[in-house]
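> I would like the atomic coordinates for the input below:
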Amino acid sequence: MEANAPEIMITEEETDILQEIMNIAFGRAASDLAEYIDIFVILSVPYIKLLRSSDLPPYINAEIKDYDKISVVEQNFWGKFKGSAYLVFPADSGKKILSMLDGTDEYFESDPIYELEKETFREVGNILIGACIGKIAELLGDITTYSPPRVVVERNQRGIIADNLFVTDSLAIVLRTMFEFNDKNVSGYLFIITSEESFAWLKTALHNFLEQYEC
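Just a heads-up that it's a prediction; the model follows:
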């Protein structure tokens, strides 16, 4: 892929460093979440992709093509490392996740738990997104702030990301992992998207991180 300006491209070496940082950060995040809800969460090896903003919606739709309907937790984050995160669950995960927090599996279709499901998605999303992004920022020497998470329960898979989220033809880095809550048969995707505005800082931060281990 060609960029508008070569200096904003992320090199193969920088991608490898970011991959290692994500491995460390996501391992710590999994531990944090396990302590909170007493259930081990498995995070797959993170995958990194550089895309034009216009290619983000079709890319994510292709990744979650096996989900008919979904529930989404969306949260924006700011700092030198800035962007948006999307936690995507199959739509039937709500009651299973709710049972993780209160230990009850006895929910029926007639139960009025829609708002409880939303609150549960919000709580788990806040923890998982915050832990993953927070650990990445910590390793890179940054501090992030977050918007309140926005939850949409049971929607069609298309349109997760608005077409106008980023400037047309700008670049974005997508950090993608699959997650699974052990013994609960609940899995989904986490997409962390950082915009071109963060690239210059990110390149410097990645090399500063590497230098710590080259001394």
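
> Ile133 against Thr144, yeah?
Yes - assessed by C-beta atoms under 8 Å, Ile133 is found in contact with Thr144 at 5.9 Å. For glycine as for every other residue, the C-beta is placed from the backbone atoms N, C-alpha and C.

> in what helix or strand does Gln19 lie?
Gln19 belongs to helix 12-37 when elements are defined using DSSP states H and E.

> Run through the helices of this structure in chain order.
Counting by DSSP state H, the chain has helices at residues 12-37, 56-63, 94-102, 114-139, 199-211.

> what does the average pLDDT come to for the fourth one?
So that's helix 114-139. What helix 114-139 shows for mean pLDDT is 85.

> likewise the third one?
Model confidence over helix 94-102 averages 70 on the pLDDT scale.

> Numbering from 43 from now on, please.
With the count now opening at 43, the last piece we talked about shows up as helix 136-144.

> What residues of the helix holding Gln61 count as buried?
Across helix 54-79, burial judged by 16 or more other C-beta atoms under 10 Å covers 56, 59-60, 62-64, 67-68, 70-72, 74-75, 79.

> Out of the helices of the chain, flag the one nearest Glu116.
Comparison of these against Glu116 by C-beta to C-beta identifies helix 156-181 as nearest, at 8.3 Å.

> Which elements pack onto the closest one?
Applying 3 or more C-beta pairs under 8 Å, 6 or more residues apart in numbering; DSSP states H and E, we find helix 156-181 packed against helix 54-79, strand 111-120, strand 125-132, helix 136-144, strand 187-188, strand 192-198, strand 228-237.

> Point out where the chain drops to low pLDDT.
Residue ranges of the chain with pLDDT under 70: 43-50, 78-81, 142-156, 196-211, 224-226, 255-257.

> residue contacts, Thr236?
By C-beta atoms under 8 Å, 6 or more residues apart in numbering, Thr236 lies in contact with 123-125, 214-215, 217, 244.

> about what we covered before: who has more neighbours, Ile175 and Thr186?
Ile175 (26 against 17; other C-beta atoms under 10 Å).

> what sits against the more buried one?
By C-beta under 8 Å, 6+ apart, the contact set of Ile175 is 119, 123, 127, 186, 188, 234.

> Which residues are in contact with the closest residue to the fourth one other than its chain neighbours?
The one in question is Thr186. Nearest residue to Thr186 in three dimensions, chain neighbours excluded: Gly121, at 4.0 Å (C-beta to C-beta, 6 or more residues apart in numbering). By C-beta under 8 Å, 6+ apart, the contact set of Gly121 is 179, 184-187.
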